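> curious how this folds, go ahead:
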Amino acid sequence: MAAGGFCKLPTGSVVVAMNLPSPTADGTGVRVLVHAHNRARALTRLRNLGLRSVYLRGNAAPPTPDEITAVLHHPDGLIWRGAPGGPVAKGITMTELWHPIRALPRGRTVRA
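Sure, this is the predicted structure:
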């Protein structure tokens, strides 16, 4: 199970944030943000990308205001970066910029 959370916006849509294990074997995790009409659609968008066992239970790690701004300004509404608080991999710093989801390295299947 991955840590995550959501924030309902005044427009009625939601931003879902999830901390997931890395798709590569380097031991770092990724923080994924999704903007969608509701939580179910946000999780469906992630599952359609191959993140099959992604579930949101609770609201332990909701998106910060900066994260909400970042995902709302991205045309796809689906972004990621290295997860904060985890080990820092080579080339990934805590000030890493957000990446579009298509730039996520595809290694083994990601299991939440």
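
> scan the chain for its longest helix.
Counting residues, the longest helix found in the chain (DSSP state H) is helix 39-48.

> name the helices or strands packed onto that one?
Contacts defined by 3 or more C-beta pairs under 8 Å, 6 or more residues apart in numbering; DSSP states H and E place helix 39-48 against strand 14-21, strand 29-36. Quick note: C-beta positions are derived from backbone N, CA and C, even for glycine.

> quick one, that helix and strand 29-36 angle?
130 degrees (axes from the mean of the first three to the mean of the last three C-alpha atoms, to 10 degrees).

> which SSE is immediately downstream of helix 39-48?
helix 65-72 (DSSP states H and E).

> which parts of that following helix are buried?
67, 68, 70, 71 (16 or more other C-beta atoms under 10 Å).

> ok, which pair from those is furthest apart?
Of all pairs drawn from these, the one with the longest distance (C-beta to C-beta) is 68 and 70, at 7.3 Å.

> poorly predicted segments of this protein, please.
1-2, 22-27, 84-95, 106-112 (pLDDT under 70).

> hmm, 90 instead?
Residue ranges of the chain with pLDDT under 90: 1-4, 19-30, 46-47, 49-58, 60-61, 81-97, 101-112.

> in it, which residue is closest to the centre?
Centroid check for the chain by C-alpha atoms, centre = their mean gives residue 32 as the closest residue, at 0.9 Å.

> number of residues surrounding residue 74?
16 (other C-beta atoms under 10 Å).

> quick one: it and residue 99 touch, right?
No. Counting by C-beta atoms under 8 Å, residue 99 is not a contact partner of residue 74; they are 9.7 Å apart.

> spatially nearest residue to residue 5 (excluding sequence neighbours)?
Once flanking residues are discounted, residue 5 sits nearest to residue 62: 3.3 Å by C-beta to C-beta, 6 or more residues apart in numbering.

> ok, the one you found - contacts?
The neighbours of residue 62, taking C-beta atoms under 8 Å, 6 or more residues apart in numbering as the test, are 5, 6, 7, 17.

> this completes my enquiry, with thanks.
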